[in-house]
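Undergrad: when you get a sec, could you give me coordinates for this:
(chains A and B)
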Amino acid sequence: MKQFRKMTYPYVAWISVMIIVPMILILLYAITTEGNGVVNFNFTIDNFVRFFSDSIFLEVLGRSLRVALITTVLCIVLGYIPAYYIAKCSDGIKMKWVLIITFPTWINMLVRTYAWIGILQNDGIINTILGWVGIGPVDMIYTEFAVILGMVYNFIPFMILQIYTSLSKMDNSLIEAAQDLGANRFQCFWRITFPLSLPGVISGITLVFLPAVSSFCIPKLLGGGQYVLVGNVIESQFLTSGDWNFGSAISLIMAIIIMISMYITKKVDKTEIGERASA
Amino acid sequence: METSAKKLIQFKNIVKSFDGQIVLKGINLDIYENEFVTLLGPSGCGKTTLLRILGGFLEPDEGNVIFDGNDITNLPPYKRDLNTVFQKYALFPHMNVYDNVAFGLKLKKEPKDIIEQKVNRMLRLINLEDFGKRGIQEMSGGQQQRVAIARALVNEPGVLLLDEPLGALDAKLRKEMQRELKKIQKEVGITFIFVTHDQEEALTMSDKIVVMKDGEIQQIGSPTDIYNEPANRYVANFIGASNIMDGIMLEDRKVVFEDKQFECVDFGFSKDERVDVVIRPEDIDIVAPGDGKLKGTVKSVLFKGVHYETVVETKNGTSITVKMNVSEDKPVINGSAGEMMSANDFYLDTEDVENLTDAFIIDHSDAQAWDPKTDERISISSVEYEIKKEKGTYPVTFKTAAGTMVTANMIVQDPNRAVDEEYGEEIYAVNFFKKADEIQESIALDTDLKIWANALAYDLETGSSVEITDVEYSFDPENIKPGEYEVTFKTRGYEYRIDTTDKAEVGTTVGLNFAPEDIHVMKKQ
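TA: As a prediction, the model looks like this:
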């Protein structure tokens, strides 16, 4: 084993340069003021104070978390059914469904999101059809509804795949055993299938919640200028205001919130699945 | 079986097929109350399918399942008054032992205190009282097994189905669980239907054994009936190693096998009917050659703990002898090209001549060319010969691209066959040439000799191949000298397996003795 260990050195170097150094830089920017020299830093916590003392930023943060939460819940509810269905299919059909579900992700996310503008806008497809039956036009584009729709659309494949994987790994004899002991289909699902698919749901949550909470292109395109989420604030600090220090501080706050929420999910996961087993 | 017992389950002409392959061919079977019934058969015989039909996990293509007078053929599993212990237990991994056992009762919405009483009583029955709070993964295989049984029994089903439940346990635990299962069945007093491929398990635990094969029931009976009076050759073989011979029933209580007449206790066959004769290994005694009813040579003795498993051959199988011509390696040397080359003479049949190819000739003559310095093989670029489909010797010349050449003889002869009418077998082998060093270097000489001589045996009736069990020769393979040697190939003859506590020496001649009641005569299938 010893001689193979050396082979990991390039990766260690790569990871240090590509991940750890940028992280340190973000941290460094977040806790310093503008105009740093190479050797002398002006340390400060003003960036954090500014974020938490301004109600607008807190409102944006709250809105981001709410949108991400709604998106995640919708992805679970809407994703579970197709995942359950695919897991029950025969092997050949399974692969076709997985292909169909992953197919949209091959196309650039921006393109797909632009397509929604065409569908949702006031003279778009939906409103035109509604116009024929005398309803509308309904305001859909540049609303929270449009943003959540765009997020659910973009992130649901990850949820479906995660749930599908955990469902298809499940031993069918467990279902038979439950039926044998008197459980009808409904009871089988809630007492056996669903609890056992929770690990998939949890990792699906991680894969949906994280990009949803920090997304900036979906709210920008479907929410217009009016609908601002944390991702957009960070983006504008870097690209418009040029205040890298404040932008880094917000990023860091987001990172910590995400870490806490991941920790909580893991904890829930453990207690749900392991509580009885390890009690 | 007591005739007063009530029929609890009736299978009526159950037919089931998967993907066009028929797995159950019209099963009719009655199962009574409080019986321990075993469905016994090899994998693929349909025993598990039958159990799954009873459990409600499969629907039969044809036929009905009657349970306690009601047709339950189309009833879903959760409405049936029976519970299953699954092959791999199928315990719920997200619940502890207590919750697993309580699962069925909770679904029935029984009061909490009643559930607790029943579950604890069940845990006591399986000796896992203090394990209620344990997770499933923390339990050993045997413990999981018992939890699975408790989980099923706590619902007080009319019938418990067990699908090879002991398959995953080690031998010692298996024995313990067999005893325990039998004890539990007696205690709770319900019908157990047990599926297994292990005949010993079936014999130990059952009140009634149903022997199945290829989707059909071969025999139904008590363990002693099935062991002592197997209905046919298949059952006799499956239920325990047996000596099964072809015989002819002369008249009631008189049977002929191995050209000798024996007294037996069987009757009711037609005159001169061809039958199968069974003698159990433990029913035969080894005696002095003159004292036995049969005489034979001890072929092998295996120590099995309590007894020796002795094999005695009373009559040789079909045999054939061929000549092996051993020669020294004398390669041709081509100094200018730096090549060496060699080839053997070889024998072939008049039949082989028709399909003669270069590859066949190179293979059989062992023709090869190589560079003596590097030992690398050189391709043979041409094979030249003229041959007729007649007996005779025909030279063949092998050449390499560099011009090195060697000549060998192809000796065409009539096929060398031997037929044994009694066994209905034919054996075939050819004479062959071999170099001394190849014999010395062989790591599996018997197998190599079979390949070199192209030795084959087959059943004349079915055309299927018969194993050549013995290869006999008198030379010492380590120190073989050039010359001609005889090699004999034999199929299995009449062999008797004898389980006895007396040790016999391999190679000695012994007599075999058995009583008339030890001979069991069965109808041919």
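Undergrad: that's a helix at residue B:25, yeah?
TA: No. Counting by DSSP: H, G, I helix; E, B strand; the rest coil, one finds residue B:25 to be strand, located in no helix.
Undergrad: quick one: contacts for the nearest residue to it once chain neighbours are set aside?
TA: Nearest non-adjacent residue to residue B:25, counting by C-beta to C-beta, 6 or more residues apart in numbering or on different chains: residue B:215, 4.4 Å away. C-beta: built from backbone N, CA, C; applies to glycine. By C-beta atoms under 8 Å, 6 or more residues apart in numbering or on different chains, residue B:215 lies in contact with B:16, B:22, B:23, B:24, B:25, B:27, B:45, B:46.
Undergrad: by neighbour count, which of these wins?
TA: residue B:24 (27 neighbours; other C-beta atoms under 10 Å in any protein chain shown).
Undergrad: so who does that residue touch?
TA: Contacts of residue B:24 by C-beta under 8 Å, 6+ apart are B:14, B:15, B:16, B:17, B:46, B:49, B:50, B:53, B:60, B:215.
Undergrad: turn the residues you listed into TSV, columns for pLDDT, distance to residue B:474 and secondary structure.
TA: Shown next, in TSV, are these (pLDDT from 0 to 100; distance: C-beta to C-beta, whole Å; DSSP: H, G, I helix; E, B strand; the rest coil):
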residue	pLDDT	distance to residue B:474	secondary structure
B:14	93	60	strand
B:15	94	59	strand
B:16	93	58	strand
B:17	92	56	strand
B:46	91	51	coil
B:49	93	55	helix
B:50	94	56	helix
B:53	94	60	helix
B:60	93	62	coil
B:215	91	51	coil
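Undergrad: pull the most distant pair out of those.
TA: B:17 and B:50 (13.3 Å; C-beta to C-beta).
Undergrad: low-scoring stretches of the stretch 51-200 of chain B, by residue?
TA: Under the criterion pLDDT under 70, no range of the stretch 51-200 of chain B is flagged.
Undergrad: helices of that one, start to end?
TA: B:97-107, B:112-125, B:141-153, B:171-188, B:199-205 (DSSP state H, counting those that start in this stretch).
Undergrad: before we move on, back to that, which one among the contacts of residue B:215 gets closest to residue B:452?
TA: Distance to residue B:452 across the contacts of residue B:215 (C-beta to C-beta) is lowest for residue B:45, with 40.6 Å.
Undergrad: surely that closest one and residue B:218 touch.
TA: No. Counting by C-beta atoms under 8 Å, residue B:45 does not reach residue B:218; the two are 9.1 Å apart.
Undergrad: for residue B:21, give me the pLDDT.
TA: What the model reports for residue B:21 is a pLDDT of 90.
Undergrad: and the residue of the stretch 201-350 of chain B nearest chain A?
TA: Taking C-beta to the nearest C-beta as the measure, the stretch 201-350 of chain B has residue B:201 as its residue closest to chain A, at 21.3 Å.
Undergrad: centre of the chain to stretch B:15-29, how far?
TA: Offset of stretch B:15-29 from its chain centre (C-alpha atoms, centre = their mean, to the nearest Å): 23 Å.
Undergrad: dump the C-alpha coordinates for that stretch into CSV.
TA: The C-alpha trace of stretch B:15-29 is given here as CSV (Å, rounded to 0.1, in the frame of the first residue of the first chain):
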residue,chain,number,x,y,z
VAL,B,15,-51.0,-25.8,-13.3
LYS,B,16,-48.5,-23.0,-13.5
SER,B,17,-46.0,-21.9,-16.2
PHE,B,18,-43.5,-19.2,-16.5
ASP,B,19,-42.6,-17.8,-19.9
GLY,B,20,-44.1,-20.9,-21.6
GLN,B,21,-42.2,-23.3,-19.4
ILE,B,22,-44.5,-25.5,-17.3
VAL,B,23,-43.4,-25.5,-13.7
LEU,B,24,-46.4,-27.3,-12.1
LYS,B,25,-48.1,-30.0,-14.2
GLY,B,26,-51.5,-30.5,-12.5
ILE,B,27,-50.8,-30.9,-8.8
ASN,B,28,-53.4,-32.6,-6.6
LEU,B,29,-52.6,-32.7,-2.9
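Undergrad: which helices and strands does the host helix or strand of residue A:56 pack with?
TA: Counting by DSSP states H and E, the element that carries residue A:56 is helix A:55-88. Contact analysis of helix A:55-88 by 3 or more C-beta pairs under 8 Å, 6 or more residues apart in numbering or on different chains; DSSP states H and E lists helix A:46-53, helix A:91-102, helix A:144-168, helix A:194-214, helix A:230-236, helix A:244-278 as its packing neighbours.
Undergrad: show me which residues of that helix are buried.
TA: Buried residues in helix A:55-88, counted by 16 or more other C-beta atoms under 10 Å in any protein chain shown: A:57, A:60-61, A:63-65, A:67-68, A:70-72, A:74-76, A:79-80, A:82-84, A:86-87.
Undergrad: what parts of the stretch 301-450 of chain B come near chain A?
TA: With C-beta under 8 Å from any C-beta of the partner chain as the criterion, the stretch 301-450 of chain B does not come near chain A at any residue.
Undergrad: which stretches of the stretch 301-450 of chain B aren't confidently modelled?
TA: Using pLDDT under 70, the stretch 301-450 of chain B drops low at B:329.
Undergrad: now chain A
TA: Applying pLDDT under 70 to chain A picks out residues A:1-2, A:35-40, A:270-279.
Undergrad: run a quick neighbour tally on residue 8.
TA: Unless you meant another one, I'm taking chain A. Residues within reach of residue A:8, counting by other C-beta under 10 Å, total 10.
Undergrad: look at chain B instead
TA: Per other C-beta under 10 Å, the neighbour tally for residue B:8 reads 22.
Undergrad: so who does the closest residue in space to it that isn't next to it in sequence touch?
TA: Spatial nearest neighbour of residue B:8, chain neighbours left out: residue B:33 (4.9 Å); criterion: C-beta to C-beta, 6+ apart. Listed by C-beta under 8 Å, 6+ apart, the contact set of residue B:33 reads B:5, B:6, B:8, B:191.
Undergrad: list buried residues within those.
TA: The buried subset of the contacts of residue B:33 - by 16+ other C-beta under 10 Å - is B:8, B:191.
Undergrad: buried sites along the helix or strand hosting residue B:361?
TA: Taking DSSP H and E as the criterion, residue B:361 maps to helix B:358-365. Counting neighbours by 16+ other C-beta under 10 Å, one finds that the buried residues in helix B:358-365 are B:361, B:362, B:364, B:365.
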